[in-house]
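>>> Predicted model, plus sequence, below.
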Amino acid sequence: MNNKTLSILSYITIIGWIIAFVKSKDLTPKSDLVNYHLKQGFGIFIVSLIINIALTIIVSIIPALYFLSYIGYVIFILWIFGIINAANEQKKPIPVIGKAFENQFGFIS
């Protein structure tokens, strides 16, 4: 697989992320682009997991706050931005939350 494919795959569910992570270890020379998008993809996965768990708890306690579930659409849009950046082979952070993941997840490098 080439760098562009691995970068895009790093956003496609956690299974795709694991495949991209394993395949990126085989690349010589190491690709900064793939590592960057692996970090961004893992970050958006963690954020979406935390938000979904929190919203499930909040809405089950206070059903009147069901409108908060629309936050899931925002996460989906941010995910699309990440895929577009990977497809264009750009190292741009995901809007709003992407900067937080640029220097995190040291195990990816």
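Looks like it arrived, so ask away.
>>> where's the residue nearest in space to the middle of the chain, which helix or strand?
What sits nearest the mean C-alpha location of the chain, by CA atoms, centre = their mean, is Gly41, with 2.2 Å. Using DSSP states H and E, Gly41 maps to helix 32-61.
>>> isn't the residue nearest to the centre of the chain right next to Ser10, touching?
Yes - contact criterion CB atoms under 8 Å: Gly41 and Ser10 qualify, at 3.9 Å. Placement of C-beta: from N, CA and C, glycine included.
>>> any common contacting residues for the two?
Jointly contacting Gly41 and Ser10 under the rule CB atoms under 8 Å, 6 or more residues apart in numbering are Trp17, Ala20.
>>> Show me where the chain has its helices.
Ranges of helices in the chain, per DSSP state H, are 3-9, 13-25, 32-61, 71-87.
>>> Quick one: those as JSON lines, columns for distance to Ser109 and mean pLDDT too.
Output for the helices of the chain, formatted as JSON lines (distance: least, CB to CB, whole Å; pLDDT from 0 to 100):
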{"stretch": "helix 3-9", "distance to Ser109": "15", "mean pLDDT": "91"}
{"stretch": "helix 13-25", "distance to Ser109": "10", "mean pLDDT": "90"}
{"stretch": "helix 32-61", "distance to Ser109": "6", "mean pLDDT": "93"}
{"stretch": "helix 71-87", "distance to Ser109": "17", "mean pLDDT": "93"}
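>>> Reformat those helices as a markdown table; add distance to Lys99.
Below are the helices of the chain laid out as a markdown table (distance: least, CB to CB, whole Å):
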| stretch | distance to Lys99 |
| --- | --- |
| helix 3-9 | 18 |
| helix 13-25 | 20 |
| helix 32-61 | 10 |
| helix 71-87 | 12 |
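>>> Out of those helices, flag the one nearest Gln104.
helix 32-61 (6.5 Å; CB to CB).
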